[in-house]
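Quick check, what structure comes out for this input:
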Amino acid sequence: MQNKMVNSAGFWALLTIAAALAAALLMTGCAATGETEKTSPADTAVVQPEQLGCGEWVRRNVENGYVLGKGDTTILVVAGIGSEEPAAATLARELRTALENKPIPDREVILAIHEEEDIRRAFTEETDHPRAAALMRLVEECRPERIISLRQLFLEGFDPDGPKEAYQIARMMSDYTYPDAMVTDLPTSPGSLGSFGEIEGIPVITVAISSRNAGAGGEYLWQRFGYPLTAAIRYPDVPDDMPIHARIERGIGYLNAGDVDNAVRTFKALRVRDPGRVEVAEYLFQAHLQAARQARRSGDLRTARHHNRQALKIRPDCRVCKDLREEITLAEKPDEEAPDQQEIDTPEPEPPVEPTADAPPANPEPAEEGPPPPDPERVAPPRPDPELAEALLTEAKSRFEAGEYAKAQEILKSALDADPDCTACREYLNRARESAAALQAGLAHLEASAYQPAIVQFTWIRDYNPGDANLIPHLVAAYSGFGNQLFLRGDYEKAGEQFEKALAVDKACRACMAGFDQSLEADMSMKNGAYLFEQGEYEQAVPKYADVLRLNPEDPTARQQLVTAYRSWGEKLCEGEDWTEGIARFESALTADPDCLECKNRLRDCVGAFNTRQYQTAKDLVVKQRLGDALAELTRVPFKYRSREVTELIERLEPFANP
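Presented below is the predicted three-dimensional model:
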């Protein structure tokens with residue numbers, strides 16, 4: 001006991017000395033700065049973001065807030081503003097780990113994770129939610145460049161709100177997701193984070209993770225959403241580690257725009273990354289060939305030869321490449337110029353030789369002979385006939401414009417025979433050869449249902465020869481085929497774009513019009529269903545998803561959302577004690593997806609609650625001697641869902657209720 005008292009006394013002595021030292025330091029600090037008043041705890045608690053810096057303010061005032069990276073551009077990422085959104089929180093933690101290991105240059109990412117409280121409609125001036133108020137204050141004071149909201153919802157995709165930049169970012173994120181996730185355009189609800197962003201003029205992009213992925217691990221979620229998420233943070237900087245499918249799309253865009261340098265650079269890097277991908281080799285070949293053609297037209301023969309050589313390495317049997325090689329060789333050969341007469345040394349005349357008796361005279365008189373016989377091996381070349389070549393060129397042009405490239409080549413060869421110096425004839429011959437080769441390649445792609453490379457070939461021919469009417473059905477088939485592929489994948493917005501392009505080529509295409517109408521209807525139904533579901537209007541959302549499945553029965557996303565809508569509708573009805581209708585909705589959900597475990601569990605809970613309620617009600621009526629009413633209450637439970645207690649009580653009551 002004495003030792004304890006000594007230790008306690010020593011402790012208090014040390015504490016007194018520490019307090020004295022702290023007071024002395026405080027007085028010294030005040031004297032040095034000229035301050036005479038003490039700072040109250042209330043004053044120290046109210047610290048503005050601009051005083052601390054946004055990062056430190058987040059650490060002090062935002063629960064589960066993290067500051068990742070440093071830079072002048074601030075990005076706010078909010079995860080799970082609705083209750084029970086585990087997938088959003090999981091993806092946010094994966095983002096935190098990734099940015100801690102490899103921060104994004106010149107980006108300060110503020111990450112706020114919410115897992116419990118529902119603050120979806122709390123972003124108003126009158127809000128009484130501390131977390132929502134803290135986020136609003138953070139946005140107002142720190143002014144992030146954009147807000148990215150991670151949500152676990154019914155439908156997967158990206159929903160932009162606020163300035164136009166939000167849609168551009170959402171479109172980019174969709175392009176960088178494989179398979180593509182849709183870009184929705186749902187109206188904002190009052191009090192939502194999107195409406196708050198619109199008021200503040202800040203782009204808000206909601207990353208919606210499908211509810212079916214609620215149990216997916218972090219590795220899967222990061223594999224699917226990690227790249228588009230980091231791309232949105234980097235925007236507008238172009239990411240360096242773009243996925244292969246996104247790089248292919250970008251390379252095709254360069255190719256269609258005629259930007260051959262970037263196209264070659266893109267597909268060359270892709271071939272190094274994935275040498276076995278056949279489509280990349282084909283696109284690289286097309287990029288090199290187009291680059292060679294462009295360089296040849298501009299007179300850059302060295303660049304033309306380089307790209308043509310690279311194209312031949314990929315496709316050694318390319319006839320167009322070989323013809324282009326010969327053309328480049330002829331253009332590189334210098335003209336044979338006559339030698340400068342001033343530089344020719346005139347030989348000095350030899351002195352005359354005196355004839356001797358034995359020697360013949362130096363210059364004997366020539367004998368009279370007839371003209372020398374003609375040499376049969378030396379036949380004079382035919383004289384050029386520019387008029388004939390011009391006439392043949394005119395005929396070849398009409399054949400070329402009609403899309404008869406083989407016939408045009410024959411006529412142009414005859415024109416060059418008539419006048420080898422006809423530059424226009426040679427140019428059109430090359431065009432005809434290139435167009436014929438592109439048409440052959442496009443038809444091969446079309447037959448193999450490779451619609452994107454077919455579109456590249458056909459659009460190249462169209463740019464060369466806009467009047468080729470024979471190209472119209474091929475181009476329409478490529479656009480509509482690609483649209484059908486996108487439609488079956490559930491990407492209705494992009495499918496509609498392809499059908500619209502097909503209609504721009506042929507306005508009379510009924511199949512294209514039908515595809516466009518169906519794509520538009522499916523896209524609107526999907527988006528309307530998503531909006532109604534978000535508002536809790538499950539009864540109205542169900543027919544929207546059913547319309548999508550009517551148009552595309554194989555759409556897994558629409559079927560999953562239909563099941564989710566039925567299940568949520570059933571839960572709502574059971575919570576309102578409309579047991580019979582609730583059970584019917586669960587049955588509809590299981591009809592759409594017999595393997596839905598969540599639907600089975602919710603149906604079991606609803607049936608159990610219904611049996612318990614009816615059994616208790618019947619017992620109360622039995623006590624009041626109202627046996628008929630008790631039996632009526634029990635029989636409201638469907639026969640196949642009756643519990644053992646309900647069944648036994650029905651059997652006991654039936655003899656008395658129905659004598």
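
Could you measure from residue 166 over to residue 91?
Separation of residue 166 from residue 91 (C-beta to C-beta, to the nearest Å) stands at 19 Å. The C-beta positions use only the backbone N, C-alpha and C, and glycine is treated the same way.

cool, and residue 584?
Using C-beta to C-beta, we find residue 584 at a distance of 35 Å from residue 91.

between these two, who's got more neighbours?
residue 91 (29 against 16; other C-beta atoms under 10 Å).

residue contacts, the spatially most central residue of the chain?
In the chain, the centroid-proximal residue (C-alpha atoms, centre = their mean) is residue 175; its distance is 0.6 Å. Each residue near residue 175 by C-beta atoms under 8 Å, 6 or more residues apart in numbering is listed here: 246, 249.

For stretch 577-595, which outside residues touch it?
Defining contact as C-beta under 8 Å, 6+ apart, one finds that stretch 577-595 is touched by 559-560, 562-563, 566-567, 569-574, 596, 599-600, 602-603, 606-607, 609-610, 613, 636-638, 641.

Between the two ends of stretch 568-588, how far is it?
Terminal residues of stretch 568-588 are spaced 12 Å apart (C-alpha to C-alpha, to the nearest Å).

buried residues in it?
Neighbour-count burial for stretch 568-588, with 16 or more other C-beta atoms under 10 Å as criterion, is recorded at 568-574, 578-579, 582-586, 588.

now, the most widely separated pair of these?
Greatest spacing in these, by C-beta to C-beta: 568 and 579 (16.2 Å).

Please report the number of neighbouring residues for residue 623.
Count around residue 623 with other C-beta under 10 Å applied: 9.

can you check the one 4 residues further on too?
By the criterion of other C-beta under 10 Å, residue 627 has 19 neighbours.

Looks like it contacts residue 656 (just checking).
Yes - under the criterion of C-beta atoms under 8 Å, residue 627 makes contact with residue 656 at 5.0 Å.

Show me the buried residues of stretch 568-588 that map onto helices.
When DSSP state H is applied, the buried residues of stretch 568-588 are split such that 568-574, 579, 582-586, 588 fall in helices.

Would you map the helices across the stretch 101-250 of the chain?
130-142, 164-175, 193-200, 218-234, 244-257 (DSSP state H, counting those that start in this stretch).

Residue 140 versus residue 402, what's the distance?
Using C-beta to C-beta, residue 402 is found at 66 Å from residue 140.

So between these two, which is more surrounded?
Legend: neighbour count by other C-beta under 10 Å for residue 402 and residue 140, higher for residue 402 (15 against 12).

roughly how far apart are that one and residue 319?
22 Å.

cool, and residue 158?
In terms of C-beta to C-beta, residue 158 sits 46 Å off from residue 319.

More neighbours: these two, which one.
residue 158 (25 against 13).

Leaving out chain neighbours, which residue sits closest to that one?
Distances taken as C-beta to C-beta, 6 or more residues apart in numbering place residue 170 nearest to residue 158, at 4.0 Å, with adjacent residues excluded.

For the ones in helices among the buried residues of stretch 568-588, give me CSV that also has distance to residue 478 and pLDDT.
CSV is the format used below for these (distance: C-beta to C-beta, whole Å; pLDDT from 0 to 100):
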residue, distance to residue 478, pLDDT
568, 41, 91
569, 42, 93
570, 45, 93
571, 47, 91
572, 47, 91
573, 49, 93
574, 51, 91
579, 55, 89
582, 49, 92
583, 50, 93
584, 47, 93
585, 44, 93
586, 45, 93
588, 40, 94
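
Low-confidence stretches in the stretch 301-450 of the chain?
333-382 (pLDDT under 70).

Please enumerate the strands of it.
Counting by DSSP state E, counting those that start in this stretch, the stretch 301-450 of the chain forms no strands at all.

Ok, the stretch 1-150 of the chain next?
65-68, 73-79, 107-113, 146-153.

Can I get those in a markdown table including mean pLDDT and distance to residue 201?
Formatted as a markdown table, those follow (pLDDT from 0 to 100; distance: least, C-beta to C-beta, whole Å):
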| stretch | mean pLDDT | distance to residue 201 |
| --- | --- | --- |
| strand 65-68 | 88 | 23 |
| strand 73-79 | 92 | 14 |
| strand 107-113 | 90 | 18 |
| strand 146-153 | 91 | 11 |
